[in-house]
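Asker: My questions concern the predicted model and sequence given below.
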Amino acid sequence: MNETLSRIVDSGVVAVLRGVPADQLIGIAEALHDGGVSAIEVTADTPNVADLIGEVTGSFDDEVVVGTGTVLDSETARTALLAGAEFVVSPSLHEDVIETCNRYGAVSAPGV
């Protein structure tokens, strides 16, 4: 968990991808990576978010730290983590999300 947090901080910026069409996601992620961004968040309200997280993590190995945001419940957090997300961002405090992240050893960033 500490390594993931360090990688997020070292990136200097987390690119938040919200509403990005699935067929453009990898191209956008590649452009971000080429531009020096190594932390990418795919929002949980994106259709098929688990598949997209898996695609991004599979395309960059350890070069990019991938997470998900706008997470409101533990089920969504678990789905994202099982798909390969390394961090979870919530817009507010959801203790069940934090507990799920702790269970999976992932970074949780509640918006409080």
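Answerer: Received the coordinates, thanks. Residues are numbered from 1 along each chain as shown.

Asker: which residue is nearest the centroid of the chain?
Answerer: The centre of the chain sits closest to residue 67, judged by CA atoms, centre = their mean, with a distance of 0.9 Å.

Asker: buried residues in the helix or strand bottoming out on mean pLDDT in the chain?
Answerer: Taking mean pLDDT, DSSP states H and E as the measure, the chain has helix 2-11 as its least confident helix or strand, at a mean of 92. By neighbour count, and taking 16 or more other CB atoms under 10 Å as the criterion, the buried residues in helix 2-11 are 4, 7-8, 11. C-beta here means a position set from N, CA and C on the backbone, and glycine is covered the same way.

Asker: still on that earlier bit, what is the residue nearest to the centre of the chain paired to in the beta sheet?
Answerer: On the basis of DSSP bridges, residue 67 is bridged to residue 41, residue 87.

Asker: Is residue 74 in contact with residue 103, as I believe?
Answerer: No. With the criterion set as CB atoms under 8 Å, residue 74 and residue 103 do not qualify as a contacting pair; they are 9.1 Å apart.
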